[in-house]
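K.L.:
need the 3D shape of this:
(2 chains)
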There are 2 protein chains.
Amino acid sequence: MTDVLLRGGLPWGLGSPADIHVRDGLIHRVAPDAEVPGAQVIDIDGQIVLPGLVEAHCHLDKTLFGGPWVPHAADDTLAGRIGDDLGRRAELGVPSVARIGALLERMSAAGTTHARTHTDIDPQVGLRGVEAVREAAAGSPVEVRQVAFPQHGLLTNPGTAELLEEALKSGVEAVGGLDPAGIDRDPVRHLDLIFGLAGRYGTHLDIHLHDGGSLGGWELELITERTRALGLGGRVTVSHAYALGQLDEPYQDRLARGFAEAGVAVATAAVYSFPVPPIKKLRAAGVTVACGHDGIRDLWGPYGSGDMLERAMHVAYRSTFRRDEDIELALEAATFGGARALGLEGYGLSPGDRADLVVVPSGGPAEAVVVHPARTLVMKDGVVLHN
Amino acid sequence: MTDVLLRGGLPWGLGSPADIHVRDGLIHRVAPDAEVPGAQVIDIDGQIVLPGLVEAHCHLDKTLFGGPWVPHAADDTLAGRIGDDLGRRAELGVPSVARIGALLERMSAAGTTHARTHTDIDPQVGLRGVEAVREAAAGSPVEVRQVAFPQHGLLTNPGTAELLEEALKSGVEAVGGLDPAGIDRDPVRHLDLIFGLAGRYGTHLDIHLHDGGSLGGWELELITERTRALGLGGRVTVSHAYALGQLDEPYQDRLARGFAEAGVAVATAAVYSFPVPPIKKLRAAGVTVACGHDGIRDLWGPYGSGDMLERAMHVAYRSTFRRDEDIELALEAATFGGARALGLEGYGLSPGDRADLVVVPSGGPAEAVVVHPARTLVMKDGVVLHN
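P.N.:
Numbers count the residues shown, from 1 in each chain, chains lettered A, B, ... in the order given. Below you'll find the predicted structure:
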């Protein structure tokens, strides 16, 4: 038996200080004034304790993290960024196991214990991205789940569908989609194809949807219908979902009810000035909301630090959340919401949960988000990684 | 004579490494491989050197910085925030010389050398805010310029106009305004009053304008007309100017041309999800653009760190600036743009300029904004403050 006692911290949600007794990788007991003979004792007086942070939407395979600064060179269009990406990734050695590893190290130091990453799959790169992420993740304490992502089109890019299937056969945990209307031009066939794959291989499904306004709203309806019809509730996420932030309130309400009932989650990154889904409304309707960085230091943009508390700050800030309980909704997205979207088991701060813990030198959860100071301690499966 | 030699840095805009020789508080010479016998030599190999950061819009008098976390308690309306502010500032000891001093210390450590702050003036608080800011600033290396700010109404709050005038007589450097239409209900009289004060006392003028759409656009016309008619060019700033980010392009263009010609500057804070003025368009038209935090950890909202490079990141991010030269526009707003808006003399990185310098451990200006790492060195008037 190995015992660790985190003493005097404030487990998020408990409302008062308590000691967390970790035994053999699990949370054994949460109680004030615990005494555990022989345990390693770590004093974290008055600091907030969170469950491991969950990065629910990133693109590890694309990252240039840890290398020299690479000025962004694409013009200001989606087509320009796609072309720049295809043209320069070879020159810059993307995907790079070393770069992905550097980013995972940074993410772990900031308390991320789980990440879902959308890995480019197309006839040019094949499954090299999948393999690079797998290799980097094998050397990292961050548990990484991949989404087989048709970044450069699915129906419009012959050979991609077969590669997606090959990726799933190789163990990739989720199938991805990308603007079934706006980019792939045939939303019904696009969605039928990826929902079919998810059903057949028993995987999750995570669909990038930048399409805005009524077009995006209608695609959200198609996704909800298919999730319900195929019984895939709890395994489907829509990422970005800009349309949700643009539609009128009655339509938002209708979509939110549909998501909650069918089991469709929403992942937001709150990037740039793009619309952020109405998180408060979604949560009130019972919809799972997760969040992530989107790209981190890559050919699509130079921003992103890998720190999920900083990302939660962006989500809260763009949502104009000022009150503690509202800011905590962003933190929920970066923790429990992400865990639900990814289908993590044994996640949380209760006895029996895996001891994936983050200690932040803040007196409360809202302050931890707003200030996002360097982490005092990160623990994965009971092992102290950073202290 | 005191001589300091900053060796091997990358002065922003120079394009190659150079040593900066500082003599008696001024930049004496910028050249490669300088030798200055007897000088204090500081090696800053390959790090970017910026002029002192300029915080062009904050509210020092309101801050709770450095104290315990205070959960935001106002409801989600402007009226709610005004009421909460009036009701709780006494209870929380606002304005507080200690809190303002703590924030100025943080700002200075992050490289801010000059700040313009809007200080509440109303019959309840009188000039106590002005005095508190003055006292805190006297003990800080940050040069602080105040704006006499009618936060709680001007025409609608009897006694405020007289207090503004009293503040100007006491040496406050600028007169403020606040939504002449939306809040004060009489834009023509409001503007005539504050422009009259600025003209009579020879001060700057900095007007908060949250009013959006065509109403805000029309008020921007009124401001431009008065600046031109009274010859106040170079001394007038419009803060926030949300309308600029909402109007159609031809109207934006027309207003931008008017600002450039009349000498009206724009200060943005890029807060929450509120519209950000079209910085690239404004700069292309020749308009001075500055930036600042707006509130920092106060009763109006819990966000803000006091770090102007982080703030420039928000400005660039919300402007969807990805390319280095675009990101540098945000940095320009946090440096030279702010200096022009505030009317600073001897500001810059050229021989003869005051030696207000910031060294950032980044290889270039865009990276400095995106990553905003802790500053390596801050110098004010030739004196090393943080190293």
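
K.L.:
only C-alpha atoms for contact and neighbour calcs from this point on.
P.N.:
Fine.

K.L.:
how about the residues of chain A by chain B?
P.N.:
Applying C-alpha under 8 Å from any C-alpha of the partner chain, we find that chain A lies next to chain B at A:69, A:71-73, A:271-273, A:301-303, A:305, A:317-320, A:322-324, A:363, A:367, A:370-371.

K.L.:
show the buried residues in the residues you listed.
P.N.:
Buried residues within the residues of chain A next to chain B, counting neighbours by 16 or more other C-alpha atoms under 10 Å in any protein chain shown: A:69, A:71-73, A:271-272, A:301-303, A:305, A:317-320, A:322-324, A:363, A:367, A:370-371.

K.L.:
which outside residues touch the helix or strand hosting A:Val266?
P.N.:
Using DSSP states H and E, A:Val266 maps to strand A:264-268. For strand A:264-268, the surrounding residues in contact (C-alpha atoms under 8 Å, 6 or more residues apart in numbering or on different chains) are A:56-57, A:224, A:227, A:233-241, A:259, A:276-277, A:287-292, A:315, A:341.

K.L.:
now stretch A:197-209
P.N.:
Stretch A:197-209 is contacted from outside by A:147, A:165, A:168-169, A:173-180, A:194-195, A:216, A:230, A:232, A:235-242, A:342, using C-alpha under 8 Å, 6+ apart.

K.L.:
redo that, cut-off 6 Å
P.N.:
In this structure, residues lying in contact with stretch A:197-209 by C-alpha atoms under 6 Å, 6 or more residues apart in numbering or on different chains are A:173-179, A:235-241.

K.L.:
tell me, how many residues neighbour A:Ala31?
P.N.:
Using other C-alpha atoms under 10 Å in any protein chain shown, the number of residues around A:Ala31 comes to 14.

K.L.:
for B:Glu35, see how far away it is.
P.N.:
65 Å (C-alpha to C-alpha, to the nearest Å).

K.L.:
one more: A:Pro278?
P.N.:
According to C-alpha to C-alpha, A:Pro278 and B:Glu35 sit 60 Å apart.

K.L.:
tell me which element the residue nearest to the spatial centre of chain A is part of?
P.N.:
Centroid-nearest residue in chain A: A:Ala56, 0.7 Å away (criterion: C-alpha atoms, centre = their mean). Here A:Ala56 sits within strand A:53-58, counting by DSSP H and E.

K.L.:
got the buried residues for the very next helix or strand once past that strand?
P.N.:
Next in sequence after strand A:53-58, counting helices and strands by DSSP H and E, comes helix A:78-88. Neighbour-count burial for helix A:78-88, counted by 16+ other C-alpha under 10 Å, picks out A:Arg81, A:Asp84, A:Asp85, A:Leu86.

K.L.:
columns pLDDT on top of those residues, output as a markdown table?
P.N.:
Converted to a markdown table, the buried residues of helix A:78-88 look like this (pLDDT from 0 to 100):
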| residue | pLDDT |
| --- | --- |
| A:Arg81 | 86 |
| A:Asp84 | 86 |
| A:Asp85 | 86 |
| A:Leu86 | 84 |
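
K.L.:
out of these, who's nearest A:Leu64?
P.N.:
Nearest to A:Leu64 among the buried residues of helix A:78-88 is A:Asp85, at 12.0 Å by C-alpha to C-alpha.

K.L.:
what's the spacing between the closest one and A:Glu91?
P.N.:
Distance, A:Asp85 to A:Glu91, by C-alpha to C-alpha: 10 Å.

K.L.:
ok, back up a step: so A:Pro278 and B:Glu35 - more neighbours on which side?
P.N.:
Using other C-alpha under 10 Å, the more surrounded residue of A:Pro278 and B:Glu35 is A:Pro278, with 18 against 13.

K.L.:
please name the nearest non-neighbouring residue to the more buried one.
P.N.:
Leaving aside its sequence neighbours, A:Pro278 sits nearest to A:Gly245 (C-alpha to C-alpha, 6 or more residues apart in numbering or on different chains; 5.9 Å).

K.L.:
what's near enough to touch the residue in the stretch 1-150 of chain A positioned nearest to chain B?
P.N.:
Here the stretch 1-150 of chain A gets closest to chain B at one residue, A:His72, 4.8 Å apart by C-alpha to the nearest C-alpha. A:His72 makes contacts with B:Arg323, as judged by C-alpha under 6 Å, 6+ apart.

K.L.:
among the buried ones among the residues of chain A next to chain B, which lie within helices?
P.N.:
Judged by DSSP state H, these include A:Tyr317, A:Arg318, A:Asp324, A:Glu367, A:Val370, A:Val371 as members of helices.

K.L.:
can you name the two of those residues that are farthest apart?
P.N.:
Pairwise distances across those peak at 16.4 Å for A:Arg318 and A:Glu367 (criterion: C-alpha to C-alpha).

K.L.:
how many other residues sit next to A:Ala90?
P.N.:
Residue crowding around A:Ala90 was assessed by other C-alpha under 10 Å; the count is 11.

K.L.:
just checking, A:Leu377 touches A:Val383?
P.N.:
No. Assessed by C-alpha atoms under 6 Å, A:Leu377 is found out of contact with A:Val383, at 10.4 Å.

K.L.:
of those two, who's got more company?
P.N.:
Taking A:Leu377 and A:Val383 together and counting by other C-alpha under 10 Å, A:Leu377 has the greater number of neighbours (21 against 17).

K.L.:
measure that one to A:Val289 for me?
P.N.:
With distances taken as C-alpha to C-alpha, A:Leu377 is found 26 Å from A:Val289.

K.L.:
for the nearest residue to A:Gly80 once chain neighbours are set aside, give me its contacts.
P.N.:
Once flanking residues are discounted, A:Gly80 sits nearest to A:Ala74: 5.5 Å by C-alpha to C-alpha, 6+ apart. By C-alpha under 6 Å, 6+ apart, the residues touching A:Ala74 are A:Gly80, A:Arg81, A:Asp84.

K.L.:
in contact with the last one, which residues?
P.N.:
With contact set as C-alpha under 6 Å, 6+ apart, A:Asp84 has these partners: A:Ala74.

K.L.:
could you measure it against A:Trp300, distance?
P.N.:
With distances taken as C-alpha to C-alpha, A:Asp84 is found 8 Å from A:Trp300.

K.L.:
surely A:Val4 is in a helix?
P.N.:
No. Under DSSP: H, G, I helix; E, B strand; the rest coil, A:Val4 falls outside any helix and is assigned strand.

K.L.:
and for the helix or strand where A:Arg99 lies, what are the contacting residues?
P.N.:
Assigned by DSSP H and E, A:Arg99 falls within helix A:97-109. The set of residues external to helix A:97-109 that reach it, using C-alpha under 6 Å, 6+ apart, is A:Leu60, A:Leu64, A:Phe65, A:Gly66, A:Ala132, A:Ala136, A:Gly306, A:Asp307.

K.L.:
what does stretch A:240-254 give?
P.N.:
Against stretch A:240-254 from outside (C-alpha under 6 Å, 6+ apart): A:Leu209, A:His210, A:Gly212, A:Gly213, A:Gly216, A:Gly217, A:Ala267, A:Thr268, A:Pro275, A:Val276, A:Pro277, A:Pro278.
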